[in-house]
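Visitor: All I have is the shape, not the residue letters:
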């Protein structure tokens, strides 16, 4: 646990944090700058009013960032789901392709056998019809 002293609007704060001290010092400087800027932009604004407006602005920004992150997470989940679906469809297509290649191979073998049978039948028919040499 780190102890850090920061100054915001001239008031010193002692804080304990698990973060690096430089991180908290930078945050305090940003808060101080935002409050000073708010007070400079509006005449007769109290430190409390400026602090409230700065806090509202910071919470608004944090909420919008959180909503944006949630939206991105949803989109990523949808993309992952679509990718899984596409992978499943690809796997199914590859399986079907393998089955069709096996079927083609089987049909090609059947065709070869039929052609061989046809050739044999033609040869047998030719041999039967072939005139024999008769000696005189």
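Guide: Right, received. Where do you want to start? Keep in mind it's a predicted model, so treat the numbers as computed, not measured. Residues are numbered from 1 along each chain as shown.
Visitor: quick one: contacts for residue 34?
Guide: By C-beta atoms under 8 Å, 6 or more residues apart in numbering, the residues touching residue 34 are 54, 57-58. C-beta: built from backbone N, CA, C; applies to glycine.
Visitor: Could you pick out the buried ones from those?
Guide: Among the contacts of residue 34, the ones that count as buried by 16 or more other C-beta atoms under 10 Å are residue 54.
Visitor: Return the member of the contacts of residue 34 nearest to residue 113.
Guide: Ranked by distance to residue 113 (C-beta to C-beta), the contacts of residue 34 are led by residue 58 at 81.7 Å.
Visitor: Tell me the spacing between that closest one and residue 38.
Guide: Distance of residue 58 to residue 38, given as C-beta to C-beta, to the nearest Å: 12 Å.
Visitor: and the contacts of residue 34, which of them are in strands?
Guide: If you go by DSSP state E, the contacts of residue 34 have nothing in strands.
Visitor: Output the contacts of residue 34 in a markdown table, with distance to residue 11 appended to each entry.
Guide: Shown next, in a markdown table, are the contacts of residue 34 (distance: C-beta to C-beta, whole Å):
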| residue | distance to residue 11 |
| --- | --- |
| 54 | 15 |
| 57 | 20 |
| 58 | 18 |
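Visitor: Which of the contacts of residue 34 sits closest to residue 125?
Guide: Lowest distance from residue 125 to these (C-beta to C-beta) belongs to residue 58, with 98.1 Å.
Visitor: For that closest one, report the pLDDT, please.
Guide: On pLDDT, residue 58 comes in at 96.
Visitor: give the contact list for it.
Guide: With contact set as C-beta under 8 Å, 6+ apart, residue 58 has these partners: residue 34.
Visitor: how much space between it and residue 7?
Guide: Remark: distance between residue 58 and residue 7 (C-beta to C-beta) = 18 Å.
Visitor: Poorly predicted segments of the chain, please.
Guide: Scanning the chain for pLDDT under 70 picks out 129-136.
Visitor: Could you pick out the longest helix of it?
Guide: Of all segments of type helix in the chain, defined using DSSP state H, the longest is helix 47-129.
Visitor: can you give me how far stretch 59-76 is from the chain middle?
Guide: When distances are taken as C-alpha atoms, centre = their mean, to the nearest Å, stretch 59-76 is centred 17 Å away from the chain's centroid.
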